[in-house]
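Undergrad: my questions concern the predicted model and sequence given below.
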Amino acid sequence: MLEINLVNNTYSKEIIDLVLNIQQKEFNVPITIEDQPDLMQIEDFYFANGGSFWGAFIDGELVGTIALVKFDEKAAAIRKMFVKKEFRGKEYGIAQKLLEILIAYCQKNGIDEVYLGTVSILEAALRFYERNHFIRIEKEQLPSKFPLMTADNVFCFLNLKL
């Protein structure tokens, strides 16, 4: 049974295990925990500025995450959107449910612009975002306050004002 809940620093170890396994082992993205200090300070990095962090659980096991970094009054960035390989796809619909919760949070909290950065190797993720009305944009089109991650080379935008 799928449950999606807010997660905080008490889940850091499980979140780090999930994220690093997917980044490093599955997709060979050259990124380490040192490159992602936010994962060890979830409350300060995400919640303090009006963002959030959710975890998807099946029978108590963390199987997916999504986070939102609010970086401007009406703008935020999606971070840490990951679902364990064996729980991906339409059968579970975990990524879709996580994204819907994040978008509902944005709408409720006056966030009109949602951005994200990812890596080109994550083709299925890019198709997922495009199916959900995100459009690809050039790095130069990102707002100046967008929190860049060094590995990211593809950027997307969703306008919630429409």
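TA: Cool, got the structure.

Undergrad: make sure I have this right: Phe45 is in a helix.
TA: Yes. Assessed with DSSP: H, G, I helix; E, B strand; the rest coil, Phe45 lies in a helix.

Undergrad: is it correct that it is in contact with Val69?
TA: Yes. The pair Phe45 and Val69 qualifies as a contact (C-beta atoms under 8 Å) at a distance of 7.2 Å. Where C-beta positions appear, they are placed from N, C-alpha and C, glycine not excepted.

Undergrad: now do stretch 155-162, average pLDDT.
TA: For stretch 155-162, mean pLDDT is 94.

Undergrad: meant to ask about stretch 131-151
TA: 96.

Undergrad: ok so, going back, what sits in contact with each of Phe45 and Val69?
TA: Common neighbours of Phe45 and Val69, using C-beta atoms under 8 Å, 6 or more residues apart in numbering, are Asp38, Gly51.

Undergrad: could you pull out the buried residues of stretch 55-70?
TA: Gly55, Ala56, Phe57, Leu62, Val63, Gly64, Thr65, Ile66, Ala67, Leu68, Val69, Lys70 (16 or more other C-beta atoms under 10 Å).

Undergrad: just stretch 14-22 next, same as before
TA: Glu14, Ile15, Leu18, Val19, Leu20, Ile22.

Undergrad: which ones among those residues map onto helices?
TA: Here DSSP state H is the test, and those give Glu14, Ile15, Leu18, Val19, Leu20 as lying in helices.
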